[in-house]
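Participant: here is a sequence with its predicted model. Questions after.
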Amino acid sequence: MIGIKNYTPQVLLLSLTFFFVHDISTKAQQQDENRSAPVREIKSVDEFNRVLKDNRQPKVLKFFSPSCRHCIKVKRIVQDVAQQHPNVLFLEFSSNNARVNKLFDTYNVQAYPTFVFIDASGKTFTTHEGGYSHKELDDAIASLEKRAKKS
């Protein structure tokens, strides 16, 4: 068994520095993930079907490509709007994930980004191809929420 006294002060300092830097960067990464938590990336068709079955709230589906400049631009807008509408479920699907490609066909995705708005009953309310401004997306969500209240 090697005791702490067998290490030089430099090795101990380096080890402690690594520990604290790693801990800080891990916490920062977790905070970033929590900030984007209102938007859930769906990894498979089965996962999507479970979410649809288990969830009776309005949904916004965002189909995107990680290399699409419009998708990158709208990402922060979607996250911000999602935080303002906790009663709406925001789901996203990456074109790079072959396990969800069937859903791109199901919702007839022809361009990126594509937004599909689904009411609480599970019916498609509307579809939008292209980006949104913060206000435009907020208005579209407000319409979806009004429809949910009428149901």
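Facilitator: Nice, I can see it. Numbers count the residues shown, from 1 in each chain.
Participant: contacts, neighbours, all on C-alpha from now
Facilitator: Fine.
Participant: domains of the chain?
Facilitator: 7-34, 38-150 (automatic domain parsing).
Participant: quick one: Phe90 from Phe117, how far?
Facilitator: 10 Å (CA to CA, to the nearest Å).
Participant: quickly list what's touching both of these two.
Facilitator: In terms of CA atoms under 8 Å, 6 or more residues apart in numbering, Phe90 and Phe117 are both contacted by the residues 59-61.
Participant: which of these lies closest to Val78?
Facilitator: For the shared contacts of Phe90 and Phe117, the closest approach to Val78 (CA to CA) belongs to Val60, at 9.7 Å.
Participant: name the next helix or strand downstream of the helix or strand hosting the closest one, please.
Facilitator: In this structure, Val60 sits in strand 59-64 according to DSSP states H and E. For strand 59-64, the succeeding helix or strand toward the C-terminus, using DSSP H and E, is helix 69-84.
Participant: neighbouring contacts of that following helix?
Facilitator: Defining contact as CA under 8 Å, 6+ apart, one finds that helix 69-84 is touched by 35-36, 38-39, 64-66, 88-90, 112-113, 130-134, 137-138.
Participant: can you map out the strands along this structure?
Facilitator: 39-41, 59-64, 89-94, 114-118, 124-129 (DSSP state E).
Participant: quick one: which of these is nearest Tyr107?
Facilitator: Judging the strands of the chain by CA to CA, what sits closest to Tyr107 is strand 114-118, at 7.7 Å.
Participant: avg pLDDT for stretch 63-82?
Facilitator: Here stretch 63-82 scores 95 as its mean pLDDT.
Participant: show the contacting residues for the residue nearest the centre of the chain.
Facilitator: Note on the chain: the residue nearest the mean C-alpha position is Val39, at 3.1 Å, using CA atoms, centre = their mean. Neighbouring residues of Val39 by CA under 8 Å, 6+ apart: 78-79, 82, 89-92.
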